[in-house]
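> Please work out how this folds:
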Amino acid sequence: MVEEIKSHLEHSCPGTVSCADILALASRDAVALLGGPTWNVQLGRKDSRGADRDAAENDLPSPHENATGLITKFAEYGLDARDMAALSGAHTVGTARCLNYKDRVYGNDGEGGADIDPSFAELRRRTCQAGDDAVAPFDEQTPMRFDNAYYKDLVARRGLLTSDQALYGCGGPLDHLVEMYSKDANAFEKDFARAMVKMGAILPPPGTPVEVRLKCSLVNMN
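Here you go, the predicted model:
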């Protein structure tokens, strides 16, 4: 889909709109189409001249991360705990593989542990019987709608990943944020949109070779 959008743009205004900007705009529009908020996307990004999957994935929080690790990881990019809690709400849509959630649904005792609803753990263990690639929705209530059901799941101890449930259950500010978002969809959407703008302003490391790619899957041959 991104390549199709890029081909239309190259026809209309060659070498002008980066693939990075296309992704940022498409993310915003996808959220809006699923019933979520919208926001102004800062344009002018450039595309990298290289790609390193291992390095990119190393910068992503682990699905097994605890709250301290999550806060630390986001802080490295100038995002605070409130940004992290709001951006995590993107998990109101999408799916994860059993490989990434089986540690939570089985736990140390094979039953999922104390921080998970037993019926939810049993449901997801049945999903995992199909193997590590078996997928489950992050939000089982409204998996194709961008809403605040993700936070309602956390309050009910039905977060899919360990890193999801880490946002709720330890007391303190994160618990208060999750409870607020679970009750006030407007507060969640406002904070999510603000955090997306903030995240969109993160710059690449100094000295990173950049360009406007003519095809998103390939660097320019020049």
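
> Might you list the low-confidence residue ranges for the protein?
108-112 (pLDDT under 70).

> quick one: the strands in it?
47-48, 95-97, 135-137, 210-211 (DSSP state E).

> Which stretch among those strands is buried most, on average?
Using mean count of other Cβ atoms under 10 Å, the stretch among the strands of the chain with the greatest mean number of neighbours is strand 47-48 (a mean of 20). All C-beta spots, glycine's among them, are computed from the backbone N, C-alpha and C.

> hang on, the earlier thing: could you dump the strands of the chain to a markdown table with distance to residue 35?
Formatted as a markdown table, the strands of the chain follow (distance: least, Cβ to Cβ, whole Å):
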| stretch | distance to residue 35 |
| --- | --- |
| strand 47-48 | 30 |
| strand 95-97 | 18 |
| strand 135-137 | 16 |
| strand 210-211 | 34 |
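
> Out of those, which gets nearest to residue 77?
Closest to residue 77 of those is strand 47-48 (Cβ to Cβ; 16.4 Å).

> Strand partners (parallel or antiparallel) of that closest one?
Sheet partners assigned to strand 47-48 using DSSP bridges are listed as strand 210-211 (antiparallel).

> contacts for the strand it pairs with?
Identification of contacts with strand 210-211 by Cβ atoms under 8 Å, 6 or more residues apart in numbering yields 46, 47, 48, 49, 204, 219, 220.

> rerun that using 6 Å as the cut-off
Contacts with strand 210-211, where a contact means Cβ atoms under 6 Å, 6 or more residues apart in numbering, come from 46, 47, 49, 220.
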